[in-house]
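Q: Need a 3D model of the sequence below.
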Amino acid sequence: MTANYDSQNLQGRSLSTQNLEIVATPLTPLNSLEAPSQNQSGHPKAFPLAMGKVGERLAISQLNGSEGTVRRLIGLGLLPGIELQIVSHQNSGLVVAIADNRIGLGVGMAQKILCITVV
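A: Numbers count the residues shown, from 1 in each chain. Coordinates of the predicted model:
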């Protein structure tokens, strides 16, 4: 079971991890992920933060993972709708900037954060 928390869950509601919707999400091998582009309606396609490049500005669109993982990400200030920039990217993880704060994430955590490119 995984928790799914996206920006639609936040509209008109106060932030609470008690109302997380639990959904089953199949695991996808990294090599089958599609490159970021647009979906059929012309909106940007979300992709894992781990696929982003240094200097890229992104907006979080969805958090995936166990309820504990999603709570941890929310506790770090990584919420759907938040804009961030990738500062550093290594094989083991990456560092993102949100305003004046820097947050280090392992690749596994970064895979659970879906983002879209900010223009």
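Q: Same question for the longest helix along the chain: list its buried residues.
A: The longest helix of the chain (DSSP state H) is helix 67-75. Neighbour-count burial for helix 67-75, counted by 16 or more other CB atoms under 10 Å, picks out Thr69, Val70, Arg71, Arg72, Leu73, Ile74. C-beta coordinates here come from the backbone N, C-alpha and C atoms, glycine included.
Q: Give the single residue among the residues you listed positioned nearest to Gly52.
A: When the buried residues of helix 67-75 are ranked by distance to Gly52 (CB to CB), Leu73 comes first, at 15.5 Å.
Q: Can you list the low-confidence ranges for the protein?
A: 1-43 (pLDDT under 70).
Q: Tell me which stretches of it form helices.
A: Assigned by DSSP H, the chain shows helices spanning 7-10, 67-75, 107-111.
Q: which residues does the residue nearest to Pro44 when sequence neighbours are not counted form a beta bridge with?
A: Distances taken as CB to CB, 6 or more residues apart in numbering put Ile116 closest to Pro44, at 4.1 Å, once the chain neighbours are dropped. In this entry, Ile116 is beta-bridged to Ala59, by DSSP bridges.
Q: if I look at Ile116, how far off is Gly65?
A: Separation of Ile116 from Gly65 (CB to CB, to the nearest Å): 18 Å.
Q: More neighbours: the two, which one.
A: The neighbour comparison of Ile116 against Gly65 (other CB atoms under 10 Å) goes to Gly65, with 20 against 17.
Q: State the distance from the more buried one to Leu94.
A: Going from Gly65 to Leu94 by CB to CB gives 17 Å.
Q: which residues touch the closest residue to Thr69 other than its chain neighbours?
A: Closest residue to Thr69 apart from its sequence neighbours, by CB to CB, 6+ apart: Lys112 at 6.0 Å. Applying CB atoms under 8 Å, 6 or more residues apart in numbering to Lys112 gives the contacts Pro48, Leu63, Asn64, Gly65, Thr69, Val70, Leu73.
Q: so which of these comes closest to Arg57?
A: Looking at these and their distance to Arg57, the nearest is Pro48, at 16.0 Å (CB to CB).
Q: Noted, bye for now.
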